[in-house]
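> Sequence first, predicted model second:
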Amino acid sequence: MSSEPLNDISFARYFQLLRQLMPCGMDFYVCSLSGVVLAADAGNTAQVVPSGVRVDRAMKQLSVGSESRLAADKGSDSITYVMDIQTPAGETAGVLVATGPAGGDPGVIDLDYAVDVAFMAVVECIEKEYRMTVELNAMAQELAGRYEEINLMYDTSDGNTSIEDEDITLKQLIENYVEYLDVDMVAIVYPQQDRILCALGSRDPIHAPYEIIRRLSRDYLPQARAHGSCLLINDITDRRRDDLSLEMPYKILSCPVYNARDEIDGILICLNHIYRTDFYNSDRSLLKVMAKKVAKITQTNYDALTGLMNQLAFESVLQRALDQARDEGVFHCLLNIDIDRLQVLNESLGRSAGDHVIKSVGEMLRHKLRSTDTVSYLGEGRYGVLLERCAIEKGMDVSQALRKQVKEGGLSWGGAELDLSVSIGITVVEPHVRNVEQVMEAAELAREAAKELGNGQLQVFRQNDQDLVMRKNNMQFATTIQKALRENRFRLYCQTIRPVAECREQYHFEVLLRLIGEDGAVTSPVEFLQPAEQYNLMPAIDRWVVDKTFSTLTEAGIAGKTGQGIVSINLSGQSLADVGLGDYIKDKLHHYGIAPDCICFEVTETAAIGNKTAALRIIEQLKKMGCHFSLDDFGTGLSTFSYLKELPVDYVKIDGSFVRKILEDKVSHAMVASINQIGHVMGLRTVAEFVESEALAERLALMGLDYLQGYAIDEPQPLTDYLSGLAGAQSVQTG
């Protein structure tokens, strides 16, 4: 049987009674069956029964079935008496022990008889209290289990509470507890946030409550985190008061508050004057219920890992600051702070190290700033900081100080100091800013610009900064692109690539891409490819193009047979690094029944040179399937001809910046001629793009180019229209 209920019994009065009934010089203990001291009389400070006292031998006598519940071990120097404390079921929960010197008190005729009578009387009282404690525990557990039915705090909502209403809600909660349960003081403490809410009863006031709360939370929180236990102290002589450095005459009930990660980051504290009613197990259970309610309220607005305000709550604070800026004409600074190389740290040292850094940096920021400033955790190693009533120059000074604090903070992990830095974006919360989203976005843009400058940099967003304005536009366009992908608002166009000499190809064209706006307007790739690349959206776009092109070809009955013609599809530099792209294309070729030799993939020279290893891998993989490859924008690279020998392509597409100038620029003419000649020597077919006039087309044909592409040859048109015309022409030829 567990001895746990014995921990909830105050034995001071029982020990006092034994001292009156028993001979002088005796010491008294209550022990568990394993011999651990659960309580000792006030005159004894030992944590275990002295080694010379033979409790174990006396307990063995109890176990052999003696009719008497009193056992004794009498030595030459000491004598020990033991009596078992029984549960209502007749099992032994613990033992009452008395020890003293051998020989006893000469004034006592029969020591054994005196001990038997005294022990029996006291043990009967202890067993009665034990039964009551067990019953109260059962009642308290039932009460806690029926929380939704009893709902102690009827007047307190625990739904999604905004940050503005949170303190009001929590204050109402503890005031209800004081009122309903007639307690002298209840407090909620969040040490990480340096946050205390306190409610006092209307009777004799608690003196200096906040000082008491801080001392209690300082001493109790480490114990709670180590053991996860509640604290209940009624007795003024309870030795646990020493561990709490608490000399004040108050009865104490305290309970931890858990966060969403099941970690203790808060405390509930109840105090009663020493002359008031004791706290019981039922009070402890109800306080646990209250702790769950507190956790439910606060988890809405605070991050579980750092204890800092979360983004939703921070945006609410930012809205208030924006309103203040408009109403009073004041300025605030918003910082967006990002821990550099956090992903590398997570991968090299583990997620625990990353969490340690995130928490520690949050602590640094909070302690470095004014009490009027707000720090929040936005996730992924990023923080939002609002510096209230702060000009941009001062905001930059504060940012420099924060950056220095993190750099020189001396954080370590596993005994090694960590090399940390943060990138900081800064913007101004001023009267003309439209909304919270605009100011948050500005700080994010500044942070991204800071990271591009290198680790540990600052960047200020100003509305007239053209680079940041362009970045902002790209960010907005990236959102548009993602939405267009979800809503299938991209359209395939194409443009003919015409052979200069007659050949057996029935068609040869390049697939082009257009974005259709929500208003139906057609957007050129010139507008959306840069933001798509900046935000790494090209692999998703390329996969969409491959799938949609193949399905459209199949529906039109095109490219299903070997040797029919060539359909050229662009692959971005980002897609070259997509290790799964080759298998994706292979699956799509099989799924739609496309002949691989009818497909030619185009990669730009710049992308191929910049990702040479990846380019070689994807080119070789797709060529093994039977697909062709073309090197686009050729002539723009720095080592053009040397790389041309290393890349196993089939076509060379000469960059249009040279092609369009050959009629008036001798250098451009020479470049096109030399690329064409070297390409032919290497067995490659050459394509001139941006052919915009008949005169240009004629000159290129005379120079011996294999293919021409441009507005003078054919204008781009929807792929479905082109394929319909192509199918019709083939039908006429066949017919």
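Noted; the coordinates are in hand.
> Leu335 against Val428, yeah?
No - under the criterion of C-beta atoms under 8 Å, Leu335 makes no contact with Val428, lying 11.0 Å away. From N, CA and C alone the C-beta is placed, and that goes for glycine too.
> out of those two, which sits in the busier spot?
For Leu335 versus Val428, neighbours defined as other C-beta atoms under 10 Å are more numerous around Leu335 (28 against 21).
> how does the chain divide up, domain by domain?
According to automatic domain parsing, the chain is divided into the following domains: 4-145, 151-298, 336-385+392-397+410-463, 478-734.
> mean pLDDT lowest for which of the ones you listed?
With a mean of 74, domain 4-145 has the lowest mean pLDDT of the domains of the chain.
> Just read off the phi/psi values of the spatially most central residue of the chain.
Nearest residue to the geometric centre of the chain (C-alpha atoms, centre = their mean): Gly379, 5.2 Å. Per-residue torsions, Gly379: phi 100, psi 160 (degrees, to the nearest 10).
> Then Leu512?
Per degrees, to the nearest 10, the backbone of Leu512 is at phi -120, psi 160.
> Next, count neighbours for the closest residue to it other than its chain neighbours.
Spatial nearest neighbour of Leu512, excluding adjacent residues (C-beta to C-beta, 6 or more residues apart in numbering): Tyr493 at 4.2 Å. When counting by other C-beta under 10 Å, one arrives at 21 neighbours for Tyr493.
> ditto for Leu305
18.
> show me what contacts it?
With contacts defined as C-beta atoms under 8 Å, 6 or more residues apart in numbering, the neighbours of Leu305 are Arg261, Asp355, Ile358, Lys359, Tyr377.
> Which among those residues count as buried?
Ile358, Lys359, Tyr377 (16 or more other C-beta atoms under 10 Å).
> mind listing which of those are in strands?
Counting by DSSP state E, the part of the buried ones among the contacts of Leu305 found in strands is Tyr377.
> What pLDDT does the model give the residue nearest to the residue nearest to the centre of the chain when sequence neighbours are not counted?
With C-beta to C-beta, 6+ apart as the criterion, Gly379 has its nearest non-adjacent residue at 6.9 Å, and that residue is Gln311. If you check Gln311, the pLDDT there is 89.
> In contact with Gln311, which residues?
Shown in contact with Gln311 (C-beta under 8 Å, 6+ apart): Ser376, Tyr377, Leu378, Gly379, Gly384.
> hmm, 7 Å instead?
Counting by C-beta atoms under 7 Å, 6 or more residues apart in numbering, Gln311 touches Ser376, Leu378, Gly379.
> do Leu318 as well
Neighbour list for Leu318: Leu386, Val436, Val439 [criterion: C-beta under 7 Å, 6+ apart].
> Let me know the closest of those residues to Lys623.
Using C-beta to C-beta, Val439 is the member of the contacts of Leu318 that lies nearest Lys623, at 51.2 Å.
> For the closest one, give its distance to Ala325.
As for Val439, its distance to Ala325 is 10 Å (criterion: C-beta to C-beta, to the nearest Å).
> and the gap between Asp265 and Ala295?
From Asp265 across to Ala295, the span is 9 Å (C-beta to C-beta).
> higher neighbour count, the two?
Asp265 (23 against 19).
> Apart from its neighbours in sequence, what residue is nearest Gly307?
Gln192 (3.7 Å).
> Is that neighbour located within a helix, as I assumed?
Yes - counting by DSSP: H, G, I helix; E, B strand; the rest coil, Gln192 is part of a helix.
> now for the longest helix along the chain, which elements pack on it?
Assignment by DSSP state H gives helix 111-145 as the longest helix of the chain. Applying 3 or more C-beta pairs under 7 Å, 6 or more residues apart in numbering; DSSP states H and E, we find helix 111-145 packed against helix 12-21, strand 70-74, strand 78-86, strand 92-101, helix 281-298.
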